[in-house]
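In: coords please:
(4 chains)
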Number of protein chains: 2
Amino acid sequence: MSTPPPPPALATPAPRRSRRKEARPGELLDAALDLFVSKGYSATKVEEVARQAGVSKGTLFLYFPSKQELFQAVVRHVLSSRFAEWDLELDSYQHDTATLIHYCYEVWWQRIGSTKACGLPHLVMAEAHNFPEIAAFYRQEVVLPGNRLIERVLRRGMERGELAPLDLDYGVTLVLAPLIFCASVKSTGGFCLPNPDFDVPRFLQMQADALMHGLGCQPRGGAT
Amino acid sequence: MSTPPPPPALATPAPRRSRRKEARPGELLDAALDLFVSKGYSATKVEEVARQAGVSKGTLFLYFPSKQELFQAVVRHVLSSRFAEWDLELDSYQHDTATLIHYCYEVWWQRIGSTKACGLPHLVMAEAHNFPEIAAFYRQEVVLPGNRLIERVLRRGMERGELAPLDLDYGVTLVLAPLIFCASVKSTGGFCLPNPDFDVPRFLQMQADALMHGLGCQPRGGAT
DNA sequence: TACATTACTAACCCATTGGTCATTAACTGT
DNA sequence: ACAGTTAATGACCAATGGGTTAGTAATGTA
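Out: Next up, the predicted model:
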């Protein structure tokens, strides 16, 4: 509606010095996500982000005050902002807990695992030592909401009599661990896998099965 | 036998320019392991390693031709060199598979998980993108031998009729995943955990239980 | 066409760091 | 004691990369 020249496609001769204030932030975020997840935080140069977004380094700093704020904007854009929706989705879920856990793993794969966003958890863990502020931000903005979501799943299972009582902190971690592992596997190109053609979703379903056994999950809403 | 001045303890006034050719490599490796696992590969400065080992940067390059070779020497020193022993240990193991898996997790924790060495897998995964040579080296030297070891455990279980037949690649990864997760947890100060006082060994035993169920492990050497 | 506004750029600054090398001083044998 | 050997040093180099800013050009308005 307000972009005078049609957004310069990647093939266009690229008119130097076009003014497109509205489009810049989104394009910078896209480029930043791409480079951050493929090279890590400190190895990603802001100048490279700017170049990939089709602007100069100076322009990037015009829209984001620092590299760190750029990164945080990326995280908010792709992860934090989506928890509200997922919370609602859980509210209206109808089936039993075993099915729910399988469903969780499945949608995690569809919405995170198989997308670029899946590089973010790995990135933050990788650089947590050297950028404590980023780690703290991510923990607050992503880890804790995520933990709370899984906790609700388990509590729901216990209330429905499908899950044996268990320490929630350990239960949450049992559910979460395979997801983090898969994120790392994907982000490292299957580095620790024995076989290059490894079917991650299949692996996750195996994990879900093992987990349901390990947590003593009753197939139906039966009592102890 | 050959160190003329008593190895300058950390409290000694530290005689400048002492000549201790024998002790240097070990001290440099110790310092390097310490810094590498606590700061990551690229964030660790060789000068810092040298300082912590009580020598100058120039001296470090006298013993190791580059930062990368220093790192590889660390990996060989703490990990690669130990697989032979572990292989032998498995040869002579007597009990059933469920007990063996629990035992594996337990000794992994004692020998790796609770030591500095546990930072290495996390480090390599963290920087695999930017240092492909290091990743390839580590994969060859540690990942593949580790996978083979776990594979032998599973094969043994199947031969004894305690494990249902399964795809070995997935089985190996099911066993390995919790270890890698725990290594990352430790290396990031419990970054993704809901609770700061999380008992990792206990978590591993819960994982072992769930896993044995998931793999359909028979408690005794019974048939299908 | 002339002017004001501002999105954008490119050159610059400066701290950091892997690696080198000429120099120095600690040992050795005689 | 003295020369020869070599372990150890620290000053130095070149490349890198986050962030700044003076200036340029695209746009709107009249």
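
In: near chain B, anything from the longest helix seen in chain A?
Out: Scanning chain A for the helix with the most residues, using DSSP state H, yields helix A:168-187. Yes - judged by Cβ under 8 Å from any Cβ of the partner chain, helix A:168-187 and chain B are in contact via A:168-170, A:172-174, A:176-178, A:180-181, A:184, A:187. To be clear about C-beta, it is placed using only N, CA and C from the backbone, and glycine gets the same treatment.

In: would a markdown table of those with neighbour count and pLDDT be doable?
Out: Formatted as a markdown table, those follow (neighbours: other Cβ atoms under 10 Å in any protein chain shown; pLDDT from 0 to 100):
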| residue | neighbour count | pLDDT |
| --- | --- | --- |
| A:L168 | 16 | 95 |
| A:D169 | 18 | 95 |
| A:Y170 | 19 | 94 |
| A:V172 | 24 | 96 |
| A:T173 | 26 | 96 |
| A:L174 | 22 | 95 |
| A:L176 | 20 | 97 |
| A:A177 | 22 | 97 |
| A:P178 | 23 | 97 |
| A:I180 | 20 | 98 |
| A:F181 | 23 | 98 |
| A:S184 | 26 | 97 |
| A:S187 | 25 | 95 |
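
In: the longest helix of chain A packs against which elements?
Out: helix A:97-108, helix A:119-127, helix A:144-159, helix A:200-214, helix B:168-187, helix B:200-214 (3 or more Cβ pairs under 8 Å, 6 or more residues apart in numbering or on different chains; DSSP states H and E).

In: indicate which one of these is closest to DNA strand D.
Out: helix A:119-127 (12.4 Å; Cβ to the nearest atom of the strand).

In: shaky segments in chain A?
Out: A:1-16, A:219-224 (pLDDT under 70).

In: interface residues of it facing DNA strand C?
Out: Taking Cβ under 7 Å from any atom of the strand as the contact definition, chain A meets DNA strand C at A:16-21, A:24, A:54-59, A:62.

In: sorry, back to before: any idea which of the residues of helix A:168-187 next to chain B is closest to B:N147?
Out: Of all the residues of helix A:168-187 next to chain B, B:N147 sits closest to A:F181, with 14.7 Å by Cβ to Cβ.

In: okay, that closest one and B:R160: tell me how far apart.
Out: 28 Å (Cβ to Cβ, to the nearest Å).

In: repeat that for A:C192.
Out: 27 Å.

In: so the two - more neighbours on which side?
Out: In this view A:C192 and B:R160 are compared by other Cβ atoms under 10 Å in any protein chain shown, and A:C192 has more residues nearby, 25 against 14.

In: could you look up the SS state of that one?
Out: coil (DSSP: H, G, I helix; E, B strand; the rest coil).

In: grab the nearest non-local neighbour of it.
Out: Excluding the flanking residues, the one nearest A:C192 by Cβ to Cβ, 6 or more residues apart in numbering or on different chains is B:V143, at 5.4 Å.

In: and that neighbour, how far from A:L193?
Out: For B:V143, the distance to A:L193 - Cβ to Cβ - is 9 Å.

In: who has more neighbours out of these two?
Out: A:L193 (21 against 18).

In: pull the contacting residues for that one.
Out: A:185, B:169, B:173 (Cβ atoms under 8 Å, 6 or more residues apart in numbering or on different chains).

In: what is the nearest of these to DNA strand C?
Out: A:V185 (27.9 Å).

In: the closest one and A:G214, how far apart?
Out: Counting by Cβ to Cβ - A:V185 and A:G214 are separated by 21 Å.

In: these two: who's more crowded?
Out: Neighbour count, other Cβ under 10 Å: between A:V185 and A:G214, A:V185 has more, with 23 against 20.

In: excluding its backbone neighbours, what's nearest that one?
Out: Leaving aside its sequence neighbours, A:V185 sits nearest to A:L193 (Cβ to Cβ, 6+ apart; 6.3 Å).

In: likewise for A:H102?
Out: Nearest non-adjacent residue to A:H102 (Cβ to Cβ, 6+ apart): A:A208, at 4.8 Å.

In: my guess is that neighbour contacts A:T99. True?
Out: No - using Cβ atoms under 8 Å, A:A208 is not in contact with A:T99, being 9.8 Å away.

In: neighbour count: these two, which is higher?
Out: Higher neighbour count among A:A208 and A:T99: A:A208, with 21 against 15, using other Cβ under 10 Å.

In: list the residues that contact that one.
Out: A:101-102, A:105.

In: let's have those residues in JSON lines, adding neighbour count and distance to A:R82.
Out: JSON lines is the format used below for the contacts of A:A208 (neighbours: other Cβ atoms under 10 Å in any protein chain shown; distance: Cβ to Cβ, whole Å):
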{"residue": "A:I101", "neighbour count": "23", "distance to A:R82": "20"}
{"residue": "A:H102", "neighbour count": "18", "distance to A:R82": "20"}
{"residue": "A:Y105", "neighbour count": "23", "distance to A:R82": "17"}
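
In: let me know the closest of the residues you listed to A:S38.
Out: Nearest to A:S38 among the contacts of A:A208, with distances taken as Cβ to Cβ, is A:Y105, at 24.6 Å.

In: mind listing what that closest one touches?
Out: Counting by Cβ under 8 Å, 6+ apart, A:Y105 touches A:178-179, A:201, A:204-205, A:207-208.

In: from these, keep the buried residues only.
Out: Among these, those buried by neighbour count (16 or more other Cβ atoms under 10 Å in any protein chain shown) are A:178-179, A:204, A:207-208.
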